[in-house]
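S.K.: sequence? don't have it. structure:
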């Protein structure tokens with residue numbers, strides 16, 4: 001039963017990606033058969049889940065994923081603008097430094113995604129991470145980053161908790 005709970009969403013994704021309007025009934029049935037074979041094959045290759053698939057988490061997952069993607073885009077654009085201002089300023093007003101940010105995430109995947117999100121933003125890069133989930137981040141402007149880091153990480157942590165179960 002657990003394999004079918006994995007195979008059904010895979011089949012839906014396959015059928016939605018491979019659908020064409022000009023297919024005949026024979027093509028549709030062949031496509032359906034191929035989708036069932038692929039979905040069952042992939043579900044057999046995946047490791048067995050300890051808990052069954054929870055359908056009630058699907059909507060919060062996609063909602064969190066969408067909001068996380070928007071947050072990443074906004075963070076990258078905002079940081080790119082700030083770095084451009086710093087670089088184009090003749091005085092080059094930077095105060096580089098290392099900020100320690102507590103990821104606060106329960107899973108290693110969420111901590112890694114959080115570190116990835118920080119590194120993607122211009123002007124910041126995670127240089128080290130310890131076993132407690134503390135992210136040591138190099139930043140171009142330590143004053144601005146120190147006040148913004150906890151607020152941004154709190155929002156990231158909230159969204160990642162919806163995405164990574």
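M.R.: Arrived safely, thanks for sending. It should be emphasised that the depicted structure is a prediction, and the values quoted were computed from it without experimental measurement.
S.K.: what ranges do the strands span in the protein?
M.R.: For the chain, applying DSSP state E gives strands covering 97-102, 124-129, 134-139.
S.K.: For those, state which one has the densest average packing.
M.R.: Among the strands of the chain, ranked by average contacts under mean count of other Cβ atoms under 10 Å, first place goes to strand 134-139 (a mean of 20). Every residue, glycine included, has its C-beta placed from N, CA and C.
S.K.: Each with direction, which strands does that strand pair with?
M.R.: strand 97-102 (antiparallel), strand 124-129 (antiparallel) (DSSP bridges).
S.K.: and residue 23, what does it touch?
M.R.: Neighbouring residues of residue 23 by Cβ atoms under 8 Å, 6 or more residues apart in numbering: residue 31.
S.K.: Distance of it relative to residue 154?
M.R.: 49 Å (Cβ to Cβ, to the nearest Å).
S.K.: distance between the ends of stretch 115-132?
M.R.: 13 Å (Cα to Cα, to the nearest Å).
S.K.: so for it, what's the average pLDDT?
M.R.: For stretch 115-132, mean pLDDT is 85.
S.K.: Mind listing what's buried along the top helix by length along the chain?
M.R.: The single longest helix within the chain, with elements called by DSSP state H, is helix 58-88. Burial within helix 58-88, assessed by neighbour count using 16 or more other Cβ atoms under 10 Å, is assigned to 64, 68, 72, 75, 79, 82-83, 86.
S.K.: Next, the contact list for the residue nearest to residue 114 when sequence neighbours are not counted, please.
M.R.: Spatial nearest neighbour of residue 114, excluding adjacent residues (Cβ to Cβ, 6 or more residues apart in numbering): residue 103 at 5.0 Å. Residue 103 makes contacts with 110-111, 114-115, 129, 133-135, 153, 157, as judged by Cβ under 8 Å, 6+ apart.
S.K.: gap between residue 103 and residue 25?
M.R.: The separation that residue 103 has from residue 25, given Cβ to Cβ, amounts to 53 Å.
S.K.: for residue 150, same thing?
M.R.: 59 Å.
S.K.: Looking at the two, which is more packed in?
M.R.: residue 150 (13 against 7; other Cβ atoms under 10 Å).
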